[in-house]
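In: got a predicted structure here, sequence first:
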Amino acid sequence: QVQLVESGGGLVQAGGSLRLSCAASGLSFSTYGMGWFRQAPGKEREFVATINWSGAGTYYADSVKGRFTISRDNAKNTVYLQMNSLKREDTAVYYCAADRTGRGRAGVSSYTYWGQGTQVTVSS
C-alpha cells in the first residue's frame, strides 16, 4: 500500500532551520506531484509548498516564499522541505501529500495520499 513517511521535525529557535523529508513507497513516485501542508492547533490545514512530478515546477504560499524550498529526488522517492528563517508562526504539524495528476497543486482536496505528519515547533 502507499506510504508517505515524514521525518526531520523538531524544536528549533526562531531564525533557525530545519529540513523535512518525506519518503514515499507503494506508488510511482516520479509521476506524482508532491506537496507540503501544515496544521496548527485550532486551525485548518493549509498549503505550504508544492512541486510537480519532474521537479521543474514549484509553488509556495506567500507566508513561506523566500524562506522555504521544496525539492525532490525521484531516484530516492523522497521530497524535501528546507525551512530557513523559521518564525513562531511556522509552528505546526507538517504533512506531505501526493497528487496523482503529477502537477502539484495548492488545494488540500487535490491530494490522494497523505503522511502522518511531523511536528515542528519554533520557540522565541
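Out: Yep, that arrived.

In: you'd agree C22 is up against W114?
Out: No - counting by C-beta atoms under 8 Å, no contact exists between C22 and W114, whose distance comes to 10.2 Å. C-beta here means a position set from N, CA and C on the backbone, and glycine is covered the same way.

In: quick one: the closest residue to D99 other than its chain neighbours from K43, how far?
Out: Once flanking residues are discounted, D99 sits nearest to G33: 3.7 Å by C-beta to C-beta, 6 or more residues apart in numbering. The gap separating G33 from K43 is 24 Å, by C-beta to C-beta, to the nearest Å.

In: who has more neighbours, those two?
Out: A direct count of neighbours by other C-beta atoms under 10 Å for G33 and K43 places G33 higher, at 24 against 9.

In: and the residue nearest to the spatial centre of the chain, bridged to which residues?
Out: Taking C-alpha atoms, centre = their mean, the centroid of the chain lies closest to W36, which sits 2.3 Å from it. Beta-bridge pairing of W36 under DSSP bridges involves A49, C96.
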